[in-house]
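fold the following for me, if possible:
(one chain, ligands or ions: 1)
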Amino acid sequence: MSSKKNRKHKKRKDLENLSEEKFDKKFKEKKNKKNENKNENEQNQEELDQNYTENIFEKINKETSQNENTNKNQTIRLPLWIRKGKSITTNLQEIDETKSKEVFFGVSPIIQETLREDFGITTLFPTQYEVIPSIMETIKNSHFLLSSNDICVQAPTGSGKTLAYVIPIIQSLLNRVIVRLRAVVLLPTRQLVLQVRNVFEKFCSRCSLKVVSSVGESSLTQSARMLIQNNESNNEKENQFANTSSKVDILICTPGRLMELLQNIPEFSLEDLRFLVIDEADRLLTQSYSDWLYRINTIIKSSQKTTSKTRTDLISVKKMIFTATLTKNPEKMSSLLLHNPLYFFASSNLRFKIPSSLQQYYIICQEEQKPLYLYALLERLSIQNKEQTLCFTGSVEATHRLFYLVKLMSKEKFKVQEYSSSLNSKKREEILKKFHRGEINVLVSSDIMARGMDIVGIQNVINYNAPTFVQNYIHRIGRTARAGRIGKTYTLVTQDTKSYFLRMIKRKIVHESPILKENINQNVISELEVDYENNLKKLKIMIDQENIATSNFSCVNNQDILKETIRKQLTKTIFN
Ligand SMILES: Nc1ncnc2c1ncn2[C@@H]1O[C@H](COP(=O)(O)OP(=O)(O)OP(=O)(O)O)[C@@H](O)[C@H]1O
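Predicted coordinates for the structure are as follows:
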């Protein structure tokens, strides 16, 4: 065994041997360390995965050219299911109306009604009409060991992946008689959990299915109360046989919360589980404590062993993986523990697809003039075009500084807000609602908004700093041009970073239209310069005051409230 394999084997053994208590402790420690630096590490890991696969392909290409008789397909070490995957179109102008109608009218009238009335949907997207029938077919076969399949879907951002799993889950549970926890959907963040729960709720409100979400901020006891019913009786004798039952059919949560429920709530069980959806799968697999999937798999199998009578029941949990940027690292893929997977993809090679309605631009400027160029661009987009813009920065601190600066410069000509993990979740939700309603024109954000967030009105995404990793770029720009809408993305680069960025984009993304250079009028920049210098000075004062105020009150318990109060106070004094 190679030393790398040895290490992995040892790690897995160590994990298996960890006592529950130690596991809990380790799990919680890791959880507490959640911050944006971790996200960066995870993105590093995603990039390593991509490079790893590219190296494999480079090696394969070399081997192939050295030996002309070698059969190319045989040398590729990617699993067969990937090579045999089904291609789906990403161009939403190329919808096959017949197929779309066939699938739309093939689902229950309740689902059709919800799609029409709550979502305004009468035509399904390619990802949906290709994937939904296959899931329905494999559900029928779930009890036949050989013909049961897991599902793995890689399709661009905004291509409707959520409904591609929500519809078949609702369809197959509609006629259930007893409430049991039959579907679990895992997502990486609280905001995404709530977003997907809202989608499920629209269907469940028209039928008797029950859906709940559980995230780290609600207490475990609270979650347990929502999930489990204690069927106690007044009769003491009967109470000896009192049992518990599920109050819900579908649970949406983060993997961390699922592990906590499994470990701390003895009545919580996955023995009736039929669907396990892992959305934003590549992101979840790069999380610091990525062995959660292995552990959940073991728990599902053992809880089913105790209840199932036949061996075939053991594989009846259908795993469904959804992502816009699937890793092709074979090791990572095997950690998904998929059973006979059916693979759907938008692009068969190592390059990723982006929405075809998205136009990409880059702007060259000097590092120290970036805020000026950004502001000039924002003025054009927000004041002249009256469009909504999401602007990504590289960190929480940068988000905060840039927000203050843009706010100072805008002088209320347009509404700007910041969005990062430094704000508490209530505040974040409030901001999202305002952005949804169009009450905020510009949202300056850290990468916390980069994945999965579905906000209809965003016309532009700006990368204030060019992302180093292509996956990060794809998810960020995927917040616009969703569901076939037009969107534009602008990336600020310097002469030094330009070639790395363009090379990365050209090598790793399939382009339907080229990335174009955008110019900002030099006169506009010159006119802004004096005001910019003054505002930089104000910004420095603000940040210094904020730091002093925060450190003076470091003993205050609730730092969230403190920060909020300081910010409000400062904003009042500086901006009014
Ligand atoms: N058939 C359809 N017709 C019109 N709009 C649709 C259709 N299906 C989904 N949508 C809308 O498209 C938007 C994007 O869908 P969704 O969030 O599922 O994308 P996604 O592929 O999961 O993207 P990401 O990879 O960024 O998470 C949503 O607002 C959704 O309501």
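
Q360 contacts E512, correct?
No: Q360 is not in contact with E512 according to CB atoms under 8 Å; the separation is 10.4 Å. For glycine as for every other residue, the C-beta is placed from the backbone atoms N, C-alpha and C.

quick one: which of these two has more around it?
Q360 (22 against 14; other CB atoms under 10 Å).

what's the pLDDT at the residue of the stretch 251-400 of the chain found nearest the ligand?
Closest residue of the stretch 251-400 of the chain to the ligand, CB to the nearest ligand atom: A324 (4.1 Å). On pLDDT, A324 comes in at 92.

from one end of stretch 283-297 to the other, what's the distance?
Using CA to CA, to the nearest Å, the span of stretch 283-297 from its first residue to its last is 18 Å.

quick check, distance from that stretch to the centre of its chain.
Offset of stretch 283-297 from its chain centre (CA atoms, centre = their mean, to the nearest Å): 15 Å.

same question for stretch 457-477.
For stretch 457-477 - counting by CA atoms, centre = their mean - the centre lies 14 Å from the chain centre.

now it: mean pLDDT?
Per-residue scores along stretch 457-477 average to 95.

what helix or strand is S421 on?
Under the criterion DSSP states H and E, no helix or strand holds S421.

what of A224?
Applying DSSP H and E, one finds A224 within helix 220-227.

restrict that helix to CA atoms and write it as CSV.
In CSV, the C-alpha atoms belonging to helix 220-227 read as follows (Å, rounded to 0.1, in the frame of the first residue of the first chain):
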residue,chain,number,x,y,z
LEU,A,220,-31.3,20.5,19.5
THR,A,221,-34.2,20.0,21.9
GLN,A,222,-36.2,22.5,19.8
SER,A,223,-35.4,20.5,16.7
ALA,A,224,-36.2,17.2,18.4
ARG,A,225,-39.6,18.6,19.3
MET,A,226,-40.3,19.5,15.7
LEU,A,227,-39.2,16.2,14.4
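
now do the same contact list for the residue in the stretch 451-576 of the chain positioned nearest to the ligand.
As assessed by CB to the nearest ligand atom, the ligand sits closest to A483 within the stretch 451-576 of the chain, at 3.2 Å. Contact analysis of A483 by CB atoms under 8 Å, 6 or more residues apart in numbering lists 92, 125, 158-160.

among these, which are in reach of the ligand?
125, 158-160 (CB under 6 Å from any ligand atom).

hang on, T491 is in a helix, isn't it?
No: counting by DSSP: H, G, I helix; E, B strand; the rest coil, T491 is located in no helix; its state is strand.

please name the nearest non-neighbouring residue to it.
N463 (4.1 Å; CB to CB, 6 or more residues apart in numbering).

what does N465 give?
G394 (4.4 Å).

hmm, the one you found is touching T468, no?
No: taking contacts as CB under 8 Å, G394 lies outside contact range of T468: 9.1 Å.

settle it for me: which of those two has more neighbours?
Shown here are G394 and T468; by other CB under 10 Å, G394 has more neighbours (19 against 16).

host element of that one?
Here G394 is assigned to no helix or strand, by DSSP H and E.

so who does it touch?
Here G394 is in contact with 446, 464-465 (CB under 8 Å, 6+ apart).

ok, I431 to the ligand distance?
The spacing between I431 and the ligand, counted by CB to the nearest ligand atom, to the nearest Å, is 19 Å.

and if you look at P109?
For P109, the distance to the ligand (CB to the nearest ligand atom) stands at 17 Å.

sorry, back to before: neighbours around the residue nearest to T491, how many?
So N463, with other CB under 10 Å, has 22 neighbours.

now for it: which residues touch it?
By CB under 8 Å, 6+ apart, the neighbours of N463 are 392, 473, 476-477, 489-492.

nearest to F414, out of the residues you listed: which one, please.
Using CB to CB, Y490 comes nearest to F414 of these, at 16.4 Å.

which residues does the closest one contact?
361-363, 377, 460-463, 518.

which residues does it bridge with?
Taking DSSP bridges as the rule, Y490 bridges to Y361, I462.

how about S213, what does it touch?
S213 is in contact with 193-194, 196-197, 251-253, counting by CB under 8 Å, 6+ apart.

tell me the secondary structure for it?
strand.

partner residues bridging it?
I252.

can you pick the most crowded of the contacts of G394?
S446 (22 neighbours).

which residue packs closest to L516, ignoring adjacent ones?
Y361 (5.3 Å).

the one you found against T489, yeah?
Yes: proximity of Y361 to T489 meets the contact threshold set by CB under 8 Å, at 6.8 Å.

and these two? Which one has more around it.
T489 (24 against 16).

looks like the more buried one contacts Y464 (just checking).
No: checked against CB under 8 Å, the pair T489 and Y464 is beyond contact range at 12.0 Å.

any idea of the pLDDT on the residue nearest to L194 when sequence neighbours are not counted?
Distances taken as CB to CB, 6+ apart place S213 nearest to L194, at 6.2 Å, with adjacent residues excluded. Reported pLDDT at S213 in the predicted model: 96.

tell me which parts of the stretch 151-300 of the chain are close to the ligand?
Near the ligand, when you scan the stretch 151-300 of the chain using CB under 6 Å from any ligand atom, you find 155, 157-163.

between the residues you listed, which has the most around it?
A155 (27 neighbours).

skipping adjacent residues, who's closest to that one in space?
T127 is the one closest to A155 (CB to CB, 6+ apart), at 4.5 Å.

now the helix or strand harbouring the one you found: buried residues?
Secondary structure assignment for T127, by DSSP H and E: helix 126-140. Buried residues in helix 126-140, counted by 16 or more other CB atoms under 10 Å: 126-136, 138-139.

can you check stretch 254-265 too?
So, applying 16+ other CB under 10 Å, buried residues of stretch 254-265: 254-263, 265.

run the chain-centre distance for that stretch.
19 Å.

dump that stretch to PDB, keeping only the CA atoms.
Presented in PDB, the C-alpha positions along stretch 254-265 are these (Å, rounded to 0.1, in the frame of the first residue of the first chain):
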ATOM      1  CA  THR A 254     -26.700  20.900   7.200                       C
ATOM      2  CA  PRO A 255     -24.500  17.700   7.600                       C
ATOM      3  CA  GLY A 256     -23.300  19.000  11.000                       C
ATOM      4  CA  ARG A 257     -26.900  19.300  12.300                       C
ATOM      5  CA  LEU A 258     -27.700  15.900  11.000                       C
ATOM      6  CA  MET A 259     -24.800  14.400  12.900                       C
ATOM      7  CA  GLU A 260     -25.700  16.200  16.000                       C
ATOM      8  CA  LEU A 261     -29.300  14.900  15.800                       C
ATOM      9  CA  LEU A 262     -28.100  11.400  15.300                       C
ATOM     10  CA  GLN A 263     -25.600  11.500  18.200                       C
ATOM     11  CA  ASN A 264     -27.700  13.300  20.700                       C
ATOM     12  CA  ILE A 265     -31.300  12.500  20.200                       C
END
